Structures are given as C-alpha cells and as structure tokens.
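K.L.:
Sequence first, predicted coordinates after that:
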Number of protein chains: 2
Amino acid sequence: MSDIAIGVDVGGTKALALMVARDGRVLGEMQSQTPHDEGFGAGEATTKVLVEQIFELCDRQSLDPAHVPIGVGLPGMMRRDGHLAFAPNLQTASGADLGTQLGDALGNASVFCENDANCAALAEHEWGAGRGIRDFVMVTLGTGIGGGVVADGELVRGRSGFAGEIGHMVVDARGAECPCGGQGCWERYASGGGLHRMTREAALEGRLATLVERRGGDAKSVRAEDVTAAAAEGLDEAVTLMREVGWWLALGLSNLAAILDCGHFVIGGGLSSASDLVLPAAREFLAELVEGYEARPAITVTTSMFGPRSGAMGATLVAFAGA
Amino acid sequence: MSDIAIGVDVGGTKALALMVARDGRVLGEMQSQTPHDEGFGAGEATTKVLVEQIFELCDRQSLDPAHVPIGVGLPGMMRRDGHLAFAPNLQTASGADLGTQLGDALGNASVFCENDANCAALAEHEWGAGRGIRDFVMVTLGTGIGGGVVADGELVRGRSGFAGEIGHMVVDARGAECPCGGQGCWERYASGGGLHRMTREAALEGRLATLVERRGGDAKSVRAEDVTAAAAEGLDEAVTLMREVGWWLALGLSNLAAILDCGHFVIGGGLSSASDLVLPAAREFLAELVEGYEARPAITVTTSMFGPRSGAMGATLVAFAGA
C-alpha cells in the first residue's frame, strides 16, 4: 500500500498533475497545456505530456515513476475498463485506452482512469466540502457541466462507468442546441458556456443596453466576463442575467434532488469563481423549484473546497483505491 | 426468519394486498378501495382498511396477523423512519406514521413502509424484468410518474428516503403546470395524466379531427381512452399523438441514462397497458436523445413482469428484509 500517489486532471485546455500523500497533503504540482496535435495516434500526444509531468514530479522527490500509483481524470465518458469512449473536448484521445498507454510508457502497472468530475466528487467527499455527507452531487460548472453522484456514501458509476453526465440532462425540450447533438441540455443554460450564450442572446435582444454601449454599441462583442464584472459592481441588467443563470442552475439541481434525494450540492469548475453572483439566487430559487420542498430537510449548496484542484486530488484517490 | 410476508400497495384509488412466500409465490390476494374519508386522524382510515385486508389474508391461511412481517408501499415521499411526509394523491394519510399505526393496531412489531415505486423496483429486481441487472430504473406510468432507481445492485433511497421522484424532473422549463406547484414536470407529458392533458390540447388545436367528429364535434369530450383505442386501430392522428407521448417518455429516460448510466428501464403502471403504442416509439427516439448513444452498449426498455402487482410484491421484500 503506497502512501503517495500522483493524480492528473486532464482538461480540454490544461493538464494539472499533483503528487499527494494519503492524508491529502499536496507534495508537488505541475501544470501543462493539453496537446491537441492530430499527427499522432489516439491518446499518444496526451500520454507524452502526462509522462513528462509524472517524471518531473517523481524526480523532485526521488521516487521511481514505475512504482507510484497513478490516477488520471479525463473529460468524457470513461468506461470502467479505462477506455475513453466519448470525449468531445479531447477528441485526439477519444477512443484511446490511456491507462494502458500510460502504464506501458512508465512501466507502471498501477495506472487507473476515471471521469474528471467523478474524481472531483471523490476528493470533496474524502477531504472537502462533501466530507461525511452520504448523498450529494458534485457539479462542475466549466464550459459545460460535469457531475459526480454520491449515493449512500458511494460514487455512482453506472453500467459502463458513464454516470454523472448531468450537463446533458434536458431541461428545456426543443431549447438551445448543444454540441452533443441534443437540444435544451442543462449545460446550455447554467455553465460558463451557457452564460456566454445567454450573454450574446441578451445583448442582441437589448437586455444589456449599458454593456452594449460600453462596447461602442456592438452587441456581439459583449462577453460573459463583462457581465460577471458588471454584476459584481451591481449593474442591474447584469445582476438580472446572473440571477437568470442562478435560476437555471437551481432548476437542474432540483431535478437531481427529486431523482436522488441528495441534500447537498458541491459546486466546482471555472464558473464557481463567480459563485457569489450565482449561488445566492440558486439557493433562493431552490425553494420554489424542488418538489415537496417544505417536507424535506434543508438542501445546501456550497462551493468546492479544492477549486481547480478537485479533479487531480480525486484522481489520487482513484490511484490509492486501485493500487 | 419468516417464510411468508404480506405486502400492501396503497394507491390513490385502490389498495392491493398480497401474501407472498419468500420464493415469490403468491399465496393470497385482496383488493379494496382506498378510503379518502376526512373525518378521521391522518392515516386512520387507511390503517383500518389495511388491518381488514391483513386479517382476512391471515385468516385464510390460519396465520397470526401479529407475527407475519408486513410491508406497505405508499404513494408519496416516505421518510426512512416510516413517516409519509408528502402525499398529494393520499392526502388523508399525508404526514402520518402509518407504520406505527398499523403495528399498534395489529400488535405486530414487524411493519415496514416504503415508497410504492421503490417497492415495484425491488420486486422487478428480485423476481422480474430487472433480475440480475445492476443498474436500472423502474418507471411507473400512472396518473403521474413514479420511479425506483437501482444503482450497482442497490435501491437508491437518498438522504431521507425520497429518491426516485422522477416524475417531477422538469424537462420543459416554464412548460405545463403541475399539481406539485412546478412547471414542465416530466409527468405532465409522459404519464396517463400527461396523455389526458395532451389529448385535450390536441383536440382543441384541431389535431384530432376524426376523434372530435366521433364525439359529435365536442373537442372537450375526447378522452385519452379514445386516443389509445384509435391508435390501436391505426388511426393516423391518434398514432401521431401516441408517438409524441413516446418521444416525451424517451426524453426523460435519456436524462436518467445520462445521470445514472442505467442500461435498462422497466416500465410499469397503468399506462404500460398501452405499451405497444408507446414503447416502440420511445425506443426509437432514445437513439437520437441519449448523449453519446453510439458509445454506449444498447439501452433496453421492457414492461414490468408483475404489472399492477409489482408494488405489493415488492412490499413483501421490504417486509422480508426488515423482519
């Protein structure tokens, strides 16, 4: 049983590797750009970067990269056997068996893969904002929405390991189109990408007059960042739009509460940095959106304890559990 | 350990009691009207009927009603401690501790309560259409939609025991109003009640011209039963409406597949008798609605093995497990 593991969270833009002790102390950290070179076989470019990170972190602590358990969190539908079955945001690795590729490259028999949001859920459950809570959902608000479902203390993986694709729950039938091919998916409303889309729509519809004016009258150039900044300053039209995002967030959380009776949500991912602008509204709307709200104990919504590190932290737990 | 238990499924209109052996054989059956008298304390009228049923079933087999384990399936949010917290379709028992009331009346210390759709899921998992399947969802299509979620072989109960309220998952934000107080709940589209609502809407909008004509031109008098009967005969306008119900059914199933990665659905409840008219369409639409459908093993949808008996059968499993 190893006391130290490495976890790597491979996102669409960057790969964060952490060396972590079993008690949660972070012993080393390294961040790289996620490669999207298409000249290689599926997953090869990704594997190369991960090998570099793992060698570097091991080198700093004089550890043998062949004998440290490795966990990898990946953005997509991870099969239980380690194949990345479907990864719209990491297409050069889609279909690859990254676990085997990485294990072969390192001569390491202890490489374990898991969906990135599932990793984040495990980290928050073990050490963070979900500690001691048996029924909660980790919700990562990034470009899309990822999820990790913990029921009765256990991560729900589903038949093939694909559980937690909560961002593609349809909440608005025949609504906004989604890159997944569907329409009205939750992540088109309550994620960073959703804010971006709704910003553009609101600007074109004249609901962001001040922000459009600040951009010299060009509605198309108003960005999501303009909205979050202006909302932080208290500009009404921006506050209103952020409350709308909060309403959509609450709608999806209410669905999850109805299906799973989870009493707690941990919000992570990039948009969670704007949490002060979104979560108070989401909490308020939960009361009117959750079925039988009065008959339930309070439902709590908090931000993740590890922020952008949740995924890599959790990947080490996958490594510890597997090794 | 008892070899015989009694399970009662208390619905909004009738209460079905079964005496069942541990291997699933049904030894006795009795059905009564569910009382809705308001002159009594919460749950008292219900308890009285259940006591009669249990005495009758025990009498037939010369068993002592004080010593047969009893399971009760109830239509609403059942707390883990046996309180019926919220039951819109059984309001005279809402808030009651039926387990204790029934136990006191029978002098029986082995009375256990559970949500009715959860009971159905347990029965189908143990003996029926979900046997040997570790990740599936039981979907009961009645006036509303009930659900029982089985993940990794275990029933998901959630924090308070309220999990599986899948009918109140919102699939059409700001859509049709629901008696729960919400809008756009799945059960407003894909249940018996949903078919009723959509029939009326379609009739008024002129999409059921033949059926309206058959009712002497009175659009408001066209009923859901007219649509299912005409669809069975192949009348285009009725087939089209049933396909629409199938589309909505598939939409909710797709959401559950995304969240839980369940590979199987068992469809029960009253509307499942019209399953030949709805399930083929639902299966067809799943292919376009499930995220990453091609990357997943096939998702199967079947009808329940025990039909209207699933809930009472499963209630006996709750009794066996508790006793």
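P.N.:
Looks like it came in fine. Numbering: from 1, shown residues only, chains lettered A, B, ... in the order given.

K.L.:
Give the buried residues for stretch A:122-137.
P.N.:
For stretch A:122-137, the neighbour count (16 or more other CB atoms under 10 Å in any protein chain shown) marks A:122-125, A:127-130, A:133-137 as buried. No exception for glycine: its C-beta is placed from N, CA and C like everyone else's.

K.L.:
quick one: strands adjacent to the strand or helix carrying residue A:113?
P.N.:
For residue A:113, the enclosing helix or strand under DSSP states H and E is strand A:111-115. Take DSSP bridges as the rule and strand A:111-115 pairs in its sheet with strand A:70-74 (parallel).

K.L.:
Could you tell me the angle between the host helix or strand of residue A:241 and helix B:236-260?
P.N.:
In the assignment (DSSP H and E), residue A:241 maps to helix A:236-260. Using axes from the mean of the first three to the mean of the last three CA atoms, to 10 degrees, the interaxial angle of helix A:236-260 with respect to helix B:236-260 works out to 90 degrees.

K.L.:
Counting neighbours, what do you get for the nearest residue in space to residue A:22 that is not next to it in sequence?
P.N.:
In space, and not counting its chain neighbours, residue A:22 is closest to residue A:3: 5.2 Å by CB to CB, 6 or more residues apart in numbering or on different chains. Close neighbours of residue A:3, defined as other CB atoms under 10 Å in any protein chain shown, add up to 8.

K.L.:
State the distance from the residue nearest to residue A:289 when sequence neighbours are not counted to residue B:183.
P.N.:
Nearest non-adjacent residue to residue A:289, counting by CB to CB, 6+ apart: residue A:254, 4.0 Å away. Residue A:254 is 11 Å from residue B:183, where distance means CB to CB, to the nearest Å.

K.L.:
what sits in contact with each of the two?
P.N.:
Counting by CB atoms under 8 Å, 6 or more residues apart in numbering or on different chains, the shared contacts of residue A:254 and residue B:183 are residue B:170.

K.L.:
Compare neighbour counts for those two and give me the winner.
P.N.:
A side-by-side neighbour count of residue A:254 and residue B:183, using other CB under 10 Å, places residue A:254 first with 25 against 16.

K.L.:
Please name the residues that touch that one.
P.N.:
Remark: with contacts taken as CB under 8 Å, 6+ apart, residue A:254 is in contact with A:286, A:289, A:290, A:291, B:170.

K.L.:
what sits against the closest residue to the last one other than its chain neighbours?
P.N.:
Put plainly, it is residue B:170. Nearest non-adjacent residue to residue B:170, counting by CB to CB, 6+ apart: residue B:184, 4.7 Å away. Contacts here follow CB under 8 Å, 6+ apart; on that basis residue B:184 touches A:173, B:170, B:171, B:172, B:173, B:174, B:175, B:176, B:178.

K.L.:
Can you tell me which of the buried residues of stretch A:122-137 is closest to chain B?
P.N.:
Ranking the buried residues of stretch A:122-137 by separation from chain B, with CB to the nearest CB as the measure, puts residue A:135 on top at 4.5 Å.

K.L.:
so that closest one makes contact with residue A:265?
P.N.:
No. At 10.6 Å, residue A:135 and residue A:265 do not qualify as touching, with contact defined as CB atoms under 8 Å.

K.L.:
bridging residues for residue A:19?
P.N.:
Taking DSSP bridges as the rule, residue A:19 bridges to residue A:6, residue A:28.

K.L.:
Can you report how many residues lie near whichever residue of the stretch 101-250 of chain A sits closest to chain B?
P.N.:
Chain B sits closest to residue A:158 of the stretch 101-250 of chain A, with a gap of 2.3 Å, by CB to the nearest CB. Around residue A:158 sit 24 other residues, with neighbours defined as other CB under 10 Å.

K.L.:
Next: residue A:63.
P.N.:
18.

K.L.:
what kind of secondary structure is it in?
P.N.:
Recorded secondary structure, residue A:63: coil (DSSP: H, G, I helix; E, B strand; the rest coil).

K.L.:
Also residue A:301?
P.N.:
Each residue gets one of three states, and residue A:301 gets strand by three-state DSSP.

K.L.:
where do the strands sit along the stretch 151-300 of chain A?
P.N.:
Using DSSP state E, counting those that start in this stretch, the strands found in the stretch 151-300 of chain A span residues A:154-155, A:264-268, A:300-303.

K.L.:
about what we covered before: I'd like the average pLDDT over the strand holding residue A:113.
P.N.:
Averaged across strand A:111-115, the pLDDT comes to 95.

K.L.:
ok, the nearest residue to residue A:175 once chain neighbours are set aside to residue B:289 distance?
P.N.:
With sequence-adjacent residues excluded and distances taken as CB to CB, 6+ apart, residue A:175 is closest to residue A:184, at 3.0 Å. Using CB to CB, one gets 11 Å for the distance from residue A:184 to residue B:289.

K.L.:
For the two, list the residues in contact with both.
P.N.:
Joint contacts of residue A:184 and residue B:289 (CB under 8 Å, 6+ apart) are residue A:170.

K.L.:
near chain B at all, the worst-scoring helix or strand of chain A on mean pLDDT?
P.N.:
Ranking every helix and strand in chain A by mean pLDDT, DSSP states H and E puts strand A:84-86 at the bottom, with a mean of 88. Yes. Residues of strand A:84-86 are located near chain B by CB under 8 Å from any CB of the partner chain, namely A:85, A:86.

K.L.:
possible to save the strands of the stretch 151-300 of chain A as a markdown table with distance to chain B, mean pLDDT and mean neighbour count?
P.N.:
Shown next, in a markdown table, are the strands of the stretch 151-300 of chain A (distance: least, CB to the nearest CB, whole Å; pLDDT from 0 to 100; neighbours: other CB atoms under 10 Å in any protein chain shown):
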| stretch | distance to chain B | mean pLDDT | mean neighbour count |
| --- | --- | --- | --- |
| strand A:154-155 | 7 | 97 | 18 |
| strand A:264-268 | 8 | 97 | 26 |
| strand A:300-303 | 11 | 96 | 17 |
